[in-house]
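Engineer: task: produce atomic coordinates for the following.
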Amino acid sequence: MDLAELSARKEFLGAEFLLWLWYRAEEFDGAFTIDGGHVELGFDDQLVLESDLQEAEQSRLKGGAPAYSPEAHKALQVGKRVRRAKLRLLKGEREWAFLFDATTFHTSGVKLPAVLSEHDDDRFFERMYLIEELDGAIHTLYRQFLELRLGDRWDTEHAAIKHWIAAPTADEP
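Structural biologist: Numbering: from 1, shown residues only. Okay, here's the model as predicted:
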């Protein structure tokens, strides 16, 4: 099996990771513990859901908070998977915003917290530190997801996620 085929067989993990983050953002206010500290992760103003059966069938939601819209919830209920989402990560007073692609695990459009240094060299190193901090947070969250996904508690978590998806939205009876 070549690397491309192996990668394609594991591609579902990115969509499951984003779905798990979405579930945690809604049901647990996006609260996570990273390196002994608390962070909050939330979904922002862009969300792309895609059908596994037909790649051309996408739901692209923008503006406001699309992850909390009835359209996004319906897309999950008909079996679409999260492919891309704009996320916000808050750690203390710092906030990052970025687009995360579940297929490639790439981040783009990263908005860093304000840089406090005044000298150009210091500003550069501070920005690199902030990028590394975001990268570390994403890796830690993914590691937490994989530990859960591959562990004994996944059946319980998976059932809770399925229940969350099946639950009616606020505008449904």
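Engineer: which helices and strands sit right next to the biggest helix by length in the chain?
Structural biologist: The longest helix of the chain (DSSP state H) is helix 120-149. With contacts defined as 3 or more CB pairs under 8 Å, 6 or more residues apart in numbering; DSSP states H and E, the packing partners of helix 120-149 are helix 12-27, strand 31-34, strand 81-91, strand 94-101, strand 107-111. C-beta: built from backbone N, CA, C; applies to glycine.
Engineer: and the ones you listed, which is most packed in?
Structural biologist: Sort the helices and strands packed on helix 120-149 by mean neighbour count, taking mean count of other CB atoms under 10 Å, and strand 81-91 sits at the top with a mean of 21.
Engineer: can you tell me how far the residue nearest to Val82 when sequence neighbours are not counted is from Phe145?
Structural biologist: In this structure, Val82 finds its nearest non-sequential neighbour in Leu18, 4.1 Å apart by CB to CB, 6 or more residues apart in numbering. Separation of Leu18 from Phe145 (CB to CB, to the nearest Å) stands at 10 Å.
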